[in-house]
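# Task: produce atomic coordinates for the following.
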Amino acid sequence: MKNKTILSLICASLSIILLSFIAFNFVNSTNGFISPPLYSEKETNVSWGPDTIADIVENVGGAVVNIDVVKMEQQTFFNPFKDFEKNFGFGFEINPNFKDFYEERLIPIKGNGSGFVIDEKNHILTNAHVVKNADKIKITTRDGKTFDAEIIGIDSTIDLAVLKVKTNTKLPYLSLGDSSKIRPGQWVIAIGNPYGFSNTVTAGIISATGRALDANKKNLIQLDAPINPGNSGGPLINLKGEAIGINVAIAPQAQGIGFAIPINSAKEVLNELITKGKIVRPWLGVYMRDVDEGIASYMNLPIPEGVLIMEVVKDSPADKSGLKKYDIIREIDGNKVKSAEEVSSYIAKKKPGDTIKMIIYRDKKLWTINAKLAERPKD
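Numbering: from 1, shown residues only. Next up, the predicted model:
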C-alpha cells in the first residue's frame, strides 16, 4: 500500500512537470519568438512584433516633411577699378556690364532639415536654426508633393519654429504625446532627412532625460538612435506613434549620442508662437556665474554663497536699477540663490514689467535693489 502511494505521487509530479513544459512552449510559439521586450505600461496597447516599427512608420511617417530653405546672403567681390576715376580724374567710366562682376551681390545659400505637421491647419514644427533668416522655404511630403511655407513663429532660445504650409490640401499630422512619462530604456523612432535622404528611419532607446548642452538647451532627451545633419527638426516618436520630442543635436565628440527637445517644452509655447510669432521673455541683462570657494577666497568673501555678476549690459534693467559688475546676488524676492541657473529659472517665470527685489553683497555690505524686468531683445 505504501509503495502504491509513493508511485502515485511520483506520477502526479511528472504529469505537472510535463504539462508546464507543454504550456510554456505553446505560449512562446504563438508569439513567434521566445519573449516580447518589456516596455512602459503606458504602451501596453501596442502589439510588439518583428514589424512593429515598420507599421508605426507606415502609419505616421506621412506627417514628416523635408524642409529646403534658401537664404540670400550678400557677398562682396574685389573690384580693381573701384577708385580709378576718383584717383586719376580722366572721366573714365567702367562699362556697367563689366562692373557687375566686381560689386556686391546676393548669393543664394541653400540648406535643409526636417519637420512634422502637428495639426489639421497644416502647422509644421521644426528647429529655429533650420529656417532662421530664410527667404524661401519649401516642404516636400513623403509622397513627393512640394509646397511653399512661411515662418509664423520662431524662438532661437529654445530652437523652435512653427511654419504654415501654403495649401488647402489637408496634410496628415502627428499626435503630440506626453514627454513627462518617458523613461530611460524605452524604444523610440527618429524620422528625418539626413544629408537630404528623405524619410530616413532610425530606432533606438532613450538613454537619459534632463540633459543639458548649454544655458539654453536644457532638459533634453538623450537617445542612441542615430541622428545626423538634416535630422534636425524631425520627430522623435514613441511606440504609440506619438511625437514625444524634436530631434535637435548630435554630440560631435561621440558616436551614437543624440538629443531631442521634449515635446512638452514645445507644447508650452506653441500657442504663443502661432498667435504672436515669438515668445515674450523677461530680461534682467546680466552675465553671471556661481560663487565657489575659489571666487570667495579671491574676493575675500565671508562665505562662498550667491551668484557673481560678471557683466551688466548697458541700458538694461539691471543697469538702470543700479546693479554693478562684481555685485553678488544673495536673494531674490526673499529666496536665497545658490547658482546662476536658479536666478535664470526664477526670472524666466516672470513677465516683462514685473519687479524683482534683490539682496546683493557689495563692499562688505548688504544692499537692496529693485529691478523692473523688460522684454528680452532679439538675438
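# any idea whether Lys338 is helix, strand or coil?
Classification of Lys338 using DSSP: H, G, I helix; E, B strand; the rest coil returns coil.
# gap between it and Ser321?
According to C-beta to C-beta, to the nearest Å, Lys338 and Ser321 sit 22 Å apart. Every residue, glycine included, has its C-beta placed from N, CA and C.
# What's the local residue count around the residue lying closest to Val65 once chain neighbours are set aside?
Leaving aside its sequence neighbours, Val65 sits nearest to Ile139 (C-beta to C-beta, 6 or more residues apart in numbering; 4.4 Å). Ile139 has 25 neighbours, counted by other C-beta atoms under 10 Å.
# now swap in Thr355 and tell me
12.
# Looking at Lys338 and Ser321, which is more packed in?
Of the pair Lys338 and Ser321, Ser321 is the one with more neighbours under other C-beta under 10 Å, namely 18 against 14.
# Next up, the contacts around Val60.
172, 174, 237, 241 (C-beta atoms under 8 Å, 6 or more residues apart in numbering).
# can you do 6 Å?
174, 241 (C-beta atoms under 6 Å, 6 or more residues apart in numbering).
# What values do phi and psi take at it?
phi -110, psi -10 (degrees, to the nearest 10).
# And the one 3 residues further on, by the same measure?
Backbone dihedrals for Ala63, given as degrees, to the nearest 10, come out at phi -80, psi -10.
# Burial check on it, number of neighbours?
Neighbours around Ala63, by other C-beta under 10 Å: 23.
# Output the below-cut-off pLDDT ranges for the protein.
Where the chain drops to pLDDT under 70, the residues are 1-48, 76-103, 214-216, 250-255, 379.
# At which residues are the helices of it located?
Remark: helices assigned in the chain by DSSP state H are 2-31, 52-60, 84-88, 96-99, 128-131, 263-276, 293-298, 317-321, 340-348.
# Return the set of buried residues in stretch 285-303.
Neighbour-count burial for stretch 285-303 flags 285-286, 288, 290-291, 296, 301 (criterion: 16 or more other C-beta atoms under 10 Å).
# now the end-to-end length of that stretch.
One end of stretch 285-303 to the other measures 26 Å (C-alpha to C-alpha, to the nearest Å).
# which residues does the closest residue to Ala340 other than its chain neighbours contact?
Leaving aside its chain neighbours, Ala340 sits nearest to Met288 (4.0 Å; criterion: C-beta to C-beta, 6+ apart). For Met288, the contact set (C-beta under 6 Å, 6+ apart) comprises 307, 309, 340.
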